[in-house]
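1. turn this into a model:
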Amino acid sequence: MDLSAHLHRMVILETFLGVGGGVAGISSGYWIKAQGYFVPAVSCIGITALAFFLIPLLPDSKKINEEIRHGAVFDAKNQTRVDEANPVNQSQSSVGESEQG
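-> This is a model prediction of the structure:
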């Protein structure tokens, strides 16, 4: 992996985290002033709990990166796995063979 590309992605990530944190800090002050402390606190706790429950559902990025590196690509439209060496799906080739015979 190119070191400069990695550095560029990290700079973008840190920028978004900094800007997002600043906006959240300013807007939460106005939210607390408008609705009191309880509603914003419960909302933040709920969003954090939701994030912790969703983390196990995320796919393993190492496995995805290895599949991409080895040429296996996922076709989102047909929801099937496509190999670069054989771009025809397994189900389509079997249908074609049954029509011929």
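
2. count the neighbours of residue 43 for me.
-> 13 (other CB atoms under 10 Å). For the C-beta atoms, the positions are set from N, CA and C on the backbone; glycine is no exception.

3. quick one: buried residues of the helix or strand harbouring residue 25?
-> Per DSSP states H and E: residue 25 is located in helix 3-35. Buried residues in helix 3-35, counted by 16 or more other CB atoms under 10 Å: residue 31.

4. any idea of the mean pLDDT in that helix?
-> Helix 3-35 shows a mean pLDDT of 91.

5. would you mind pulling up the elements that that helix packs against?
-> helix 38-54 (3 or more CB pairs under 8 Å, 6 or more residues apart in numbering; DSSP states H and E).

6. the helix it packs on to helix 3-35, inter-axis angle?
-> If you take axes from the mean of the first three to the mean of the last three CA atoms, to 10 degrees, helix 38-54 sits at 140 degrees to helix 3-35.

7. report all helices and strands that helix 38-54 contacts.
-> Secondary-structure packing of helix 38-54 (3+ CB pairs under 8 Å, 6+ apart): helix 3-35.

8. quick check: domain ranges of the protein?
-> Domain ranges of the chain: 1-58, 60-101, per automatic domain parsing.
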